[in-house]
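Participant: model the following, please.
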Amino acid sequence: MILFKIDWAPNEVFLNLGPLTIYWYSVMFIIAFSLGYYIVQKIYINDNKPVALVEPLFIYVVFGTLLGARLGEVFFYNWDYFQNNLVEILLPIKNDSNSSMLFGLIDGYKFVGYRGLASHGATIGIITAMFIYKFKFKYDSVLWIFDRIVIPISIGGMFVRIGNFFNSEIVGNYTNSNFGVVFKNNGEIFPRHPAQLYEAFGYLLLFILLWNIYWKTDLKKYKGFIFGLFLTYLFTIRFLVEYVKESQGGFEESLGILSTGQWLSVPFILIGIILMIYSRKNQIKLFF
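Facilitator: From the prediction side, this is the model:
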């Protein structure tokens, strides 16, 4: 078996526009949302749904993703820090005594973008946003909507993890071998597991699976099946990758055995399995 080591020291900045810096991480989000819009539009056309419904759906998903992911990071992983820096929760800034006044408005802060985001929080945020969306636009059940939007969300997750790779964050454990990635931007000299790329590859496979199920099978007629498969597969990937990922903190020290990410993944996996079973038995009420 050939083992190889890669030195990774990317420029995190995609573009500088005066005082505004655009990071590769932000570019990955833009690609994810743009591709997602195109895919959902294609699906709605195929299902004979009004394309005009896609734009408000897109807005709800974007806000649900960003708000949920941010609050997930705050409350699941990093409350000890944010409880003393409340202004940073919803603003893309970070306390920096060496920074001059930000855009002439806030002194002592620098613009960093929304770099602290949690996928479990994003999932909760999207689910909540879709229930709100469903009650405003009553054209089908919320499970029907979930079954469609998780297809682009899976490929979107791939781009987000690539963004994490550019940021040299959410890194894996040391491999203790000549295999892995040396994250030079973090001042390291030993290779780690590229946990971000492991997840990205898993999400790509998930997208291919869901895409083929939607276009080539009749499983999409069972409301909640694709959504359940998505939850089960995605969070199983997350659960497994956690074994080679450096601890992200949170409440794992008090609960032990599993990491915070694994504890948060278990409920979603169970919900996914239940959805798949009951969708095939046609026992999920149309209200959902």
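
Participant: and the helices in the stretch 151-288 of the chain?
Facilitator: Remark: helices assigned in the stretch 151-288 of the chain by DSSP state H, counting those that start in this stretch are 195-216, 225-241, 252-255, 260-280.

Participant: got those as a markdown table, with mean pLDDT, distance to residue 157 and mean neighbour count columns?
Facilitator: Bear in mind the C-beta positions are built from the backbone N, C-alpha and C, glycine included. Shown next, in a markdown table, are the helices of the stretch 151-288 of the chain (pLDDT from 0 to 100; distance: least, Cβ to Cβ, whole Å; neighbours: other Cβ atoms under 10 Å):
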| stretch | mean pLDDT | distance to residue 157 | mean neighbour count |
| --- | --- | --- | --- |
| helix 195-216 | 97 | 4 | 18 |
| helix 225-241 | 96 | 7 | 22 |
| helix 252-255 | 70 | 22 | 12 |
| helix 260-280 | 92 | 13 | 19 |
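
Participant: now tabulate those helices in TSV and tack on distance to residue 180.
Facilitator: Shown next, in TSV, are those (distance: least, Cβ to Cβ, whole Å):
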stretch	distance to residue 180
helix 195-216	10
helix 225-241	14
helix 252-255	23
helix 260-280	20
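
Participant: nearest to residue 90, out of those?
Facilitator: helix 260-280 (21.3 Å; Cβ to Cβ).

Participant: can you get me a residue count around residue 117?
Facilitator: 22 (other Cβ atoms under 10 Å).

Participant: so it touches residue 73, yeah?
Facilitator: Yes. Assessed by Cβ atoms under 8 Å, residue 117 is found in contact with residue 73 at 5.5 Å.

Participant: roughly how far apart are the residue nearest to the spatial centre of the chain and residue 48?
Facilitator: In the chain, the C-alpha nearest the mean C-alpha coordinate belongs to residue 119, at 4.1 Å (Cα atoms, centre = their mean). Separation of residue 119 from residue 48 (Cβ to Cβ, to the nearest Å): 32 Å.

Participant: same question for residue 234.
Facilitator: 28 Å.

Participant: with residue 259 instead?
Facilitator: 44 Å.

Participant: which of those two has more residues huddled nearby?
Facilitator: residue 259 (23 against 6).

Participant: which ones are touching that one?
Facilitator: If a contact means Cβ atoms under 8 Å, 6 or more residues apart in numbering, then residue 259 has 242, 245, 247, 248, 250, 252 as its contacts.
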